[in-house]
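Colleague: Predicted model and sequence below, questions to follow.
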Amino acid sequence: MKNNILPDKKILRREIKGIIMIVLLAVCHSCDYNELPPKTDDASTGYRLPKGEVPTAADLDTQTALKKEYNDAVK
Amino acid sequence: MKKLIRNSSLLIIVFLVSCSDYLSVTPQGKVIPETDEEFASLIHRHINNIEGGDDMFVIGNFESIIQYESFADNFDANVKVGSIPAYAGDKINSRQYNFRSYFEIIRDCNIVIENILYRGTELSDKTCAAAYALKGICYYNMIREYCEACEPGKDQLGLPIVDHFNMEDMPSRESLAKTIEHTAEWLNRSIAYDIKDRFFLITADASKAYLARLKFWAGDWSGVVTLCEELLTNADYQLADIATYQDMIQSKNGWGKEIIIRSHINNNSDIDWYYASYIKDLKTRPVSAALAGLFEDDKENDIRYAISYDKKRQNLKNLSGKVRGSELVLMLAESYYHLNDYDNAIDRLNYLRRNRIKDVEDYTLETLPETDETSLIKNDAKGNPLTPLLTAIFNERRKELYAEGDRWFELKRNGCPEMWVINNGLKYTTHKYLYTAPLYKGDVDLNKNLIQNEGYTD
């Protein structure tokens, strides 16, 4: 007479393999909650740096005078 | 039985892999503080950065000092830009990122205060005192960096007041007046603990010094006088004399006379190469003729001249964040001036000069030098034209606090004068709006309640 309490070994092995497959599948696809807020790909993170202007002749003269003063002072 | 085993197995699988992450608010891999020591470690992390010379946001370090000096006019970028930022416009984006760094410190302070304020142990009290002080100092620094200079009677934008750690909050900007009020309250709460030891570096006196700075920035002249006069009754904060001045200023890690608080007190070998590199970078831009001219009359006798820069006008001064007695004396001189108490103003000025210039003759109201028409600062913090006495106070302040990161904020406080530099063939102007840094763009984009400062475009 077959023992109905213990399952057939083959069936048991099959069930164990099935359980392992299901666990593996579930672990790989389990809920991965992303705690970061939504982010748009095209959002800029910085501000534009101010554009320079072309210096006037007076500006260049001032700069030249400052450089000359420095060079004379450290001779 | 088979069914029982199968069903039990399926149930176990469901329990093992079910999604529960979204229910958990515990940050992964982090410890939630519970004991006094664990909360104290949140504060110790920031204190260690200050003591090691790494911190740019509380007391400041050589890196933050060089940044602010590069924006100002103590060093002349028109002679040579060198290896430091050409002007304030070059650093718009790093200044907006720094906004986050301030709030990382404030977050830790809020966590401490919220959780251990009422525990009543010695360690919890010291930790809370330090947390209030750090928070107050950070807000003071942010007020100077991210808000306009105070204009009495004008409605001005302040900062978001953040008292609780809550990632969901979307605070708006309070008024500048309210922000200053809150900052003073936090510093006062720190002072109330009356901490005298430097277990967390920041003593009650250091908090008082920062409160004095805050009141000075806000134009509360009477408040400044009360605090500074009280602090200067302590002999340790009274001025270093000519004999001890050089050691006090040039000591890389030491705590000399008149220092109330300073950073970089540990000789951290990790920082050494970084420090040396920044000091070398500063030498690539020479000191300006305007600053050099202030020393012209007393060159041989002024101890500050000898340690400020060399014959090639390259910096010699050691750079470290600090609050010291000289600044209190200068704040007193200007505060008395604005309170129309000119006798006390000139008395404080002469006290400083006697401890800096050998055989100096005291100023009287009649012997003060004339104002300088070429000076960048034309008006004072109240918008009034400069007088000989105020000019003398400003000039002493410029010589005394040279290369301590002060000049940029002096320019901001006294009218935000425009200046320009020619770099790589183009002229770049420090317009008024550049004196006020932008808030962190990520926060402004996410939080519609947060108004950005004017002038910045993305």
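Modeller: Perfect, I can see it now.

Colleague: Alpha carbons only: can I get the lowest-mean-pLDDT helix or strand in chain A in CSV?
Modeller: The helix or strand of chain A with the poorest confidence is helix A:9-29; it has a mean of 85 (mean pLDDT, DSSP states H and E). C-alpha atoms of helix A:9-29 as CSV (Å, rounded to 0.1, in the frame of the first residue of the first chain):
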residue,chain,number,x,y,z
LYS,A,9,10.4,11.6,-4.1
LYS,A,10,10.2,12.6,-7.8
ILE,A,11,7.1,14.8,-7.2
LEU,A,12,8.8,16.3,-4.2
ARG,A,13,12.0,17.1,-6.1
ARG,A,14,9.9,18.7,-8.9
GLU,A,15,8.0,20.8,-6.4
ILE,A,16,11.2,21.9,-4.7
LYS,A,17,12.6,22.9,-8.0
GLY,A,18,9.4,24.8,-8.8
ILE,A,19,9.5,26.6,-5.5
ILE,A,20,13.1,27.6,-6.0
MET,A,21,12.3,28.9,-9.6
ILE,A,22,9.3,30.9,-8.2
VAL,A,23,11.5,32.4,-5.4
LEU,A,24,14.2,33.4,-7.8
LEU,A,25,11.8,35.0,-10.2
ALA,A,26,10.1,36.8,-7.4
VAL,A,27,13.4,38.1,-5.9
CYS,A,28,14.6,39.4,-9.3
HIS,A,29,11.4,41.2,-10.0
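
Colleague: Looking at the residue nearest the centre of chain B now. What's its pLDDT?
Modeller: Closest residue to the average C-alpha location of chain B: B:N141 at 4.6 Å, with CA atoms, centre = their mean. Looking at B:N141, its pLDDT stands at 98.

Colleague: Could you pull up the contacting residues of the residue of the stretch 301-450 of chain B found nearest chain A?
Modeller: Distances between the stretch 301-450 of chain B and chain A by CB to the nearest CB are smallest at B:L426, namely 2.9 Å. Heads up, the C-betas are built off the backbone N, CA and C, glycines and all. B:L426 sits next to A:G52, A:E53, A:V54, A:P55 when contact means CB atoms under 8 Å, 6 or more residues apart in numbering or on different chains.

Colleague: how about the strands in the stretch 151-300 of chain B?
Modeller: Counting by DSSP state E, counting those that start in this stretch, one finds strands in the stretch 151-300 of chain B at the ranges B:259-262.

Colleague: and the residue of it nearest chain A?
Modeller: Using CB to the nearest CB, the single residue of the stretch 151-300 of chain B nearest to chain A is B:A289, 5.2 Å away.

Colleague: which one is that residue nearest to, not counting chain neighbours?
Modeller: A:E69 (5.2 Å; CB to CB, 6 or more residues apart in numbering or on different chains).

Colleague: Could you give the number of residues near that neighbour?
Modeller: Burial measure for A:E69: 15 neighbouring residues, criterion other CB atoms under 10 Å in any protein chain shown.

Colleague: Assign a three-state SS to it, would you?
Modeller: Classification of A:E69 using DSSP: H, G, I helix; E, B strand; the rest coil returns helix.

Colleague: thought it was touching B:S288?
Modeller: No. Counting by CB atoms under 8 Å, A:E69 does not reach B:S288; the two are 9.8 Å apart.

Colleague: okay, stretch B:270-283 in CSV with CA atoms only?
Modeller: What follows is stretch B:270-283, C-alpha atoms only, in CSV (Å, rounded to 0.1, in the frame of the first residue of the first chain):
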residue,chain,number,x,y,z
ASP,B,270,45.4,65.3,4.7
ILE,B,271,44.7,69.0,4.4
ASP,B,272,48.4,70.1,4.2
TRP,B,273,48.9,69.5,0.4
TYR,B,274,45.5,71.1,-0.3
TYR,B,275,46.3,74.1,1.9
ALA,B,276,49.7,74.6,0.3
SER,B,277,48.1,74.4,-3.1
TYR,B,278,45.6,77.1,-2.4
ILE,B,279,48.2,79.4,-0.7
LYS,B,280,50.3,79.0,-3.9
ASP,B,281,47.2,79.9,-6.0
LEU,B,282,46.6,83.1,-4.1
LYS,B,283,50.2,84.2,-4.7
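
Colleague: That stretch near chain A anywhere?
Modeller: No. Stretch B:270-283 lies apart from chain A when judged by CB under 8 Å from any CB of the partner chain; the minimum separation is 13.0 Å.

Colleague: contacting residues around that stretch?
Modeller: The contact list for stretch B:270-283, computed with CB under 8 Å, 6+ apart, reads B:52-54, B:62-63, B:66, B:69, B:75, B:82-84, B:264, B:314-315, B:319, B:403.

Colleague: can you count the residues close to B:E174?
Modeller: B:E174 has 16 neighbours, counted by other CB under 10 Å.

Colleague: pretty sure it contacts B:G158?
Modeller: Yes. Taking contacts as CB under 8 Å, B:E174 lies within contact range of B:G158: 4.6 Å.

Colleague: okay, now B:M248: neighbour count?
Modeller: Around B:M248 there are 21 residues (other CB under 10 Å).

Colleague: nope, A:A57 is what I meant
Modeller: Per other CB under 10 Å, the neighbour tally for A:A57 reads 7.

Colleague: what's it sitting at in phi/psi?
Modeller: Here is the backbone geometry of A:A57 (degrees, to the nearest 10): phi -60, psi -40.

Colleague: Kindly provide the distance from the residue nearest to B:A289 to A:A58.
Modeller: Distance, A:E69 to A:A58, using CB to CB, to the nearest Å: 17 Å.

Colleague: so where is the chain shaky, pLDDT-wise?
Modeller: Just going to use chain A. Scanning chain A for pLDDT under 70 picks out A:1-7, A:29-35, A:37-43.

Colleague: sorry, should have said chain B
Modeller: For chain B, applying pLDDT under 70 flags the ranges B:14-30.

Colleague: Domains in it, by residue range?
Modeller: B:71-218+B:426-458, B:219-260+B:269-417 (automatic domain parsing).

Colleague: Export those domains to TSV and append columns for distance to B:K3.
Modeller: Below are the domains of chain B laid out as TSV (distance: least, CB to CB, whole Å):
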stretch	distance to B:K3
domain B:71-218+B:426-458	47
domain B:219-260+B:269-417	65
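
Colleague: Specify the local secondary structure of B:W420.
Modeller: Of the three states, B:W420 takes strand under three-state DSSP.

Colleague: hang on, isn't it packed against B:Y428?
Modeller: Yes. The pair B:W420 / B:Y428 is scored as a contact, 6.4 Å apart, by CB under 8 Å.

Colleague: Give the residues shared as contacts by the two.
Modeller: By CB under 8 Å, 6+ apart, the residues touching both B:W420 and B:Y428 are B:Y87.

Colleague: what's the distance between the residue of the stretch 301-450 of chain B closest to chain A and A:P50?
Modeller: 10 Å.

Colleague: Equivalent analysis for B:L201, please.
Modeller: Counting by CB to CB, the gap from B:L201 to A:P50 is 38 Å.

Colleague: Please identify which of the two sits among more neighbours.
Modeller: Legend: neighbour count by other CB under 10 Å for B:L201 and A:P50, higher for B:L201 (24 against 20).
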